[in-house]
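> sequence and predicted model, in that order:
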Amino acid sequence: MTDHVTEERHRAAPGLTVAEVAQRVAAGQVNDLPPRSGRTVGDIVRANVFTRINAILAVLFGIVVITGSFKNGLFAALIIANSVIGIIQELRAKKTLDSLAVVGQARPIVRRDGQASDLDRNQIVVDDIIELRPGDQVVVDGEIIEADHLDIDESLLTGESDPIGKTVGDPVLSGSFVVAGAGAYRATKVGSEAYAAQLAEEASRYTLVDSELRGGIDQILRYVTYLLIPVGLMTVWVQLNHVHADRDSALLGLVAALVPMVPEGLVLMTSVAFAVGVVRLGRHGCLVQELPAIEGLARVDVVCVDKTGTLTEGGMQLDDVIPVVAGFDRSRMEELLAQFGATDRYPNATMAAIVAHVGVPTDPWPTTASAPFASSTKWSGATFAAAPGRPTSLLLGAPDVLAEPGSPIAMQAEEIGSTGRRVVLLSEADGSVDDPTRLGQPRPLALVVLAQQVRADAAETVAYFDDQGVDVKVISGDNAAAVAAVAQSVGIGETRSVADAVDARTLPQDQDRLADVLQGHAVFGRVTPQQKRAMVGALQSRGHVVAMTGDGVNDVLALKDSDVGVAMGSGSAASRSAAQIVLLDDRFATLPKVVAEGRRVIGNIERVAALFLTKTFYSCVLALLVGLFGMPFPFVPLHVTITAWFTIGIPAFILSLAPNADRAHTGFARRALARSAPAGIIIGVLAFVTYAVLRSQLHDATREQISTAVLLVVIGIAMWVLKVVTRPDRPWKFVLLGMSALAYVVMFTVPPLSRFLMLDIGSVSALGAAAVAVLIGIASCEMVWYLERRSSGRVSSN
């Protein structure tokens, strides 16, 4: 009978002809899909190349090129390094996402010229006839033209967990799935006009990353940019009018004064530290799409998660079978369930869990009729060929439909359901399921109880967040009681006074009142996509940093609005593109690793930031003082480059990768400036004083000898700053300091190298003055830092 019906439908709706398809392709009515993973290659390259730091360095390098002294332009290598690291990382993320999209891409069955065949989604045109079977995805918007007990799951679009029955003439939206029955639909909207594509496009208009590190660095760079112009003009004017230097010397002096003011290595070290963190997280099945994302999650104090797929495995398992009629034990009920399961060719999640437990019968009963589960009836059924000891029909469905309302069985089912488990009722009937009007009153046989499989590592993950002071809020579209039961089983609600679940249908719309409710509760059921977005906004209005997990198209806007969006690898392509972090293995337990990695990155970058900003401060102070007193600048660009190599660059790279479990706190820029500003001012002042004294008092010293002595003052005090930043002391840190000091000894004492670097340590008097200045600088720095720690109430070695 089924084959006959299918054949009739093929004759009724054979689909488009080859000529009709070609006509629509020529008219552009094809399902052209937007880029799968958000930004294009061009977008990624532009975002990483055209940055403020690269623009500053490029201008300064251009000035060096004019002089022809290319060795003084080594600093420009950072333009390439800064850009390449960011580009490579983001292109790797894009490639991974594109691969995921291809793997998860549905191939719909399309009728053309009376033949059904599977095609790529981008080959579909308007008016194509697309068949639907259980498990199929609706790939474009359309209108149902055939329906046989057809139920569609639109949860990825609407958040509604219950399937929706569809009949001829009903619309279907791309992104939904068939859960029961069969049918076909005619494509009406394709490509960017389809619902899921429009939702994804709307989400793409929002920005997602909010990086305090990046924001702090950008703020510092803005201030530096404002300083560069007046300091640069003053330096050139002094060099030309007071010192009477030639053009090339004046320009090199300009670059030497300005390059160290730019904390160029700080941007590079931040990118490197994030990139290494991304690689480490990738080994744990976590794809980080944007480098600052791991920093964002390290600052998060609220994590919003769904129940299904996050705390649970997504499937169900048979928990209990409770006979409710005399004379039947559990084994008999499981036998009936096995026979019933054998009749279902396309089992839904409930039936699949039952069959997985009771197994498949070796001698299945022949059937005369069957009815798949439909949301309109809330039950599925099968009628068997008559035989002694065999029921005429078996039904499996909702207890409130198959049992008398208010009956003991209905009340027992409701009580079990309040614990968060799913309950269905197995019943028998005397009529045939193909004619529900003559089925008769079903007689209950057994309550079948199913439980969702809680992830084995969910409780441990929740305990980690609880220990770290991060609130976990469960936001689900399922029944509130069911959500609460799962949440409490993993520890959410047990250690706080928020164990009572909230039905989201009772939530206020006012943001302030909604925030009050969110502050006092942790479990929410029956939440719509719009409410998810509103809840994120309400939490943020109270100063919380919010992470949101999601897997459906309906989660996209909430993912975008949150501070950190986390998508599941098996989720929709739209959610993966919208999120900053994708958990490729769908494991909630990966998030603590992301948090720990973020804290390592933030803690280490905060340490090394003090090194780079110290250089910025002493460069500004030295340039201003030299300009105000009308002196030639003491260094050439090559000098400031080697100063940074072993007091900042290489040590900072190593420190940025070191272990660090300190909790992330706001105020990065303030803390970095509090340590670097005093040290930088002290170095700048002492370097200028040494320079001024030597120029006026040491007449027999050459300019290179004076420059070398001033350079030693800067390097000596900067090395002590490096030692302080590396605290607490560890053996490997002493090795790092020793190797840095040794490198400078080699530079200053090996003749070929010192000549190339324009260094001369031939004046003992100059070296003595430099040594005195270094000791004064170290003592001054320690005193200022002690006073700073004392004023902030943390007198310690750190």
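That came through, no problem.
> switch to C-alpha atoms for all contacts and neighbour counts from now on
Noted.
> dihedrals phi and psi, Pro632?
Here the main-chain torsion angles of Pro632 (degrees, to the nearest 10) amount to phi -70, psi 150.
> if you could redo that for Val30, that was the one I meant.
Here Val30 shows phi and psi, under degrees, to the nearest 10, equal to phi -110, psi 160.
> residue contacts, the nearest residue to it once chain neighbours are set aside?
Spatial nearest neighbour of Val30, excluding adjacent residues (Cα to Cα, 6 or more residues apart in numbering): Val125 at 4.5 Å. With contacts defined as Cα atoms under 8 Å, 6 or more residues apart in numbering, the neighbours of Val125 are 21, 24-25, 29-31, 187, 190.
> now with 7 Å, please.
21, 24-25, 29-31 (Cα atoms under 7 Å, 6 or more residues apart in numbering).
> ditto for Leu297
By Cα under 7 Å, 6+ apart, the residues touching Leu297 are 547, 564, 595, 598.
> next step: these restricted to helices.
595, 598 (DSSP state H).
> give me the residue at the spatial middle of this structure.
The centroid of the chain falls nearest to Ile581 when counting by Cα atoms, centre = their mean (2.2 Å).
> and it, what does it touch?
Residues near Ile581 by Cα under 7 Å, 6+ apart: 287-289, 293, 565-567.
> who does it bridge with?
Counting by DSSP bridges, Ile581 forms beta bridges with Val288, Val566.
> for it, give me the pLDDT.
On pLDDT, Ile581 comes in at 87.
> any idea how far Ile409 is from it?
For Ile581, the distance to Ile409 equals 46 Å [Cα to Cα, to the nearest Å].
> now do the phi/psi pair for the most far-flung residue of the chain relative to its centre.
No residue in the chain has its C-alpha farther from the mean C-alpha position than Asp700, which lies at 62.7 Å (Cα atoms, centre = their mean). Listed backbone geometry of Asp700 is phi -90, psi 0, with angles given as degrees, to the nearest 10.
> before we move on, back to that, selection in PyMOL covering whichever of the contacts of Val125 are buried, please.
In PyMOL, selecting the buried portion of the contacts of Val125, with burial taken from 16 or more other Cα atoms under 10 Å, looks like this:
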select buried, resi 21+25+29+30+31
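> okay, the contacts of Val125 in a markdown table with secondary structure, distance to Arg121 and pLDDT next?
Putting those into a markdown table (DSSP: H, G, I helix; E, B strand; the rest coil; distance: Cα to Cα, whole Å; pLDDT from 0 to 100) gives the following:
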| residue | secondary structure | distance to Arg121 | pLDDT |
| --- | --- | --- | --- |
| Val21 | helix | 14 | 93 |
| Arg24 | helix | 15 | 92 |
| Val25 | helix | 14 | 92 |
| Gln29 | coil | 13 | 91 |
| Val30 | strand | 9 | 92 |
| Asn31 | coil | 7 | 87 |
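> between which two of the contacts of Val125 is the distance greatest?
Farthest-apart pair in these is Val21 and Asn31; separation 12.1 Å (Cα to Cα).
> now do the SS call for Gln239.
Secondary structure of Gln239, reduced to three states by DSSP: H, G, I helix; E, B strand; the rest coil: helix.
> that one touches Pro632, doesn't it?
Yes: counting by Cα atoms under 7 Å, Gln239 touches Pro632, with 6.0 Å between them.
> just give me the closest of the contacts of Leu297 to Thr67.
Scanning the contacts of Leu297 for proximity to Thr67, where the rule is Cα to Cα, the winner is Gly598, at 43.5 Å.
> which helices and strands does the helix or strand hosting Ile654 pack with?
Using DSSP states H and E, the element containing Ile654 is helix 650-656. The criterion is 3 or more Cα pairs under 7 Å, 6 or more residues apart in numbering; DSSP states H and E, and the helices and strands that helix 650-656 contacts are helix 264-282, helix 591-628.
> the stretch 251-400 of the chain: helices as residue ranges?
Counting by DSSP state H, counting those that start in this stretch, the stretch 251-400 of the chain has helices at residues 264-282, 293-299, 330-342, 349-358, 399-402.
> could you export stretch 714-732 as CSV, CA atoms only?
Below are the C-alpha coordinates for stretch 714-732, written out as CSV (Å, rounded to 0.1, in the frame of the first residue of the first chain):
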residue,chain,number,x,y,z
VAL,A,714,68.7,52.0,30.6
ILE,A,715,69.6,48.3,30.2
GLY,A,716,70.8,48.0,33.8
ILE,A,717,67.7,49.3,35.5
ALA,A,718,65.4,47.6,32.9
MET,A,719,67.1,44.3,33.8
TRP,A,720,66.1,44.9,37.4
VAL,A,721,62.5,45.7,36.3
LEU,A,722,62.6,42.3,34.5
LYS,A,723,63.7,40.5,37.7
VAL,A,724,60.8,42.1,39.6
VAL,A,725,58.3,41.1,36.9
THR,A,726,59.5,37.5,37.0
ARG,A,727,58.7,37.2,40.7
PRO,A,728,58.0,34.8,42.5
ASP,A,729,61.5,33.5,41.9
ARG,A,730,61.9,30.2,40.2
PRO,A,731,65.2,28.5,39.1
TRP,A,732,64.2,28.8,35.4
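> pLDDT of it, averaged?
Per-residue pLDDT values across stretch 714-732 average out to 86.
> again with stretch 779-789
Along stretch 779-789, the predicted local confidence has a mean pLDDT of 86.
> coming back round to it: who has more neighbours out of Gln239 and Pro632?
Neighbour totals were compared for Gln239 and Pro632, and Gln239 leads with 24 against 21 (other Cα atoms under 10 Å).
> so where is the stretch 351-500 of the chain shaky, pLDDT-wise?
374-376, 479, 493-499 (pLDDT under 70).
> ok, back up a step: list the contacts of the residue farthest from the centre of the chain.
Residues near Asp700 by Cα under 7 Å, 6+ apart: none.
> for Ser117, see how far away it is.
In this structure, Asp700 and Ser117 are separated by 93 Å, where distance is defined by Cα to Cα.
> helices and strands of this structure: which one bottoms out on pLDDT?
None of the helices or strands of the chain scores lower by mean pLDDT, DSSP states H and E than helix 2-12, at a mean of 39.
> dump the helices and strands packed on helix 650-656 into CSV; add mean neighbour count and distance to Gly42 as well.
Listed next are those as CSV, based on neighbours: other Cα atoms under 10 Å; distance: least, Cα to Cα, whole Å:
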stretch, mean neighbour count, distance to Gly42
helix 264-282, 22, 19
helix 591-628, 25, 28
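> closest to Val172 out of these?
With distances scored as Cα to Cα, the stretch of the helices and strands packed on helix 650-656 nearest to Val172 is helix 591-628 (35.2 Å).
> and that closest one with helix 264-282, angle?
The directions of helix 591-628 and helix 264-282 differ by 170 degrees, with axes from the mean of the first three to the mean of the last three Cα atoms, to 10 degrees as the criterion.
> so for helix 591-628, mean pLDDT?
Averaging pLDDT residue by residue across helix 591-628 gives 83.
> counting contacts, what elements does that helix pack onto?
By contact count (3+ Cα pairs under 7 Å, 6+ apart), the secondary structure elements abutting helix 591-628 are helix 212-241, helix 264-282, helix 293-299, helix 650-656, helix 668-697.
> and those helices, which one is worst for confidence?
Lowest mean pLDDT of those: helix 264-282, a mean of 73.
> CA atoms only: put it into PDB for me.
Taking Å, rounded to 0.1, in the frame of the first residue of the first chain, the C-alpha atoms of helix 264-282 are listed here in PDB:
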ATOM      1  CA  GLU A 264      55.000  47.300  19.500                       C
ATOM      2  CA  GLY A 265      56.200  44.100  21.100                       C
ATOM      3  CA  LEU A 266      53.200  44.100  23.500                       C
ATOM      4  CA  VAL A 267      50.800  43.600  20.600                       C
ATOM      5  CA  LEU A 268      53.000  40.800  19.300                       C
ATOM      6  CA  MET A 269      53.400  39.100  22.600                       C
ATOM      7  CA  THR A 270      49.600  39.200  23.200                       C
ATOM      8  CA  SER A 271      49.000  37.700  19.800                       C
ATOM      9  CA  VAL A 272      51.600  35.000  20.400                       C
ATOM     10  CA  ALA A 273      50.200  34.100  23.900                       C
ATOM     11  CA  PHE A 274      46.700  33.900  22.500                       C
ATOM     12  CA  ALA A 275      47.800  31.800  19.500                       C
ATOM     13  CA  VAL A 276      49.700  29.300  21.700                       C
ATOM     14  CA  GLY A 277      46.600  29.100  23.900                       C
ATOM     15  CA  VAL A 278      44.500  28.400  20.900                       C
ATOM     16  CA  VAL A 279      46.800  25.600  19.900                       C
ATOM     17  CA  ARG A 280      46.600  24.100  23.400                       C
ATOM     18  CA  LEU A 281      42.900  24.300  23.500                       C
ATOM     19  CA  GLY A 282      42.600  22.700  20.000                       C
END
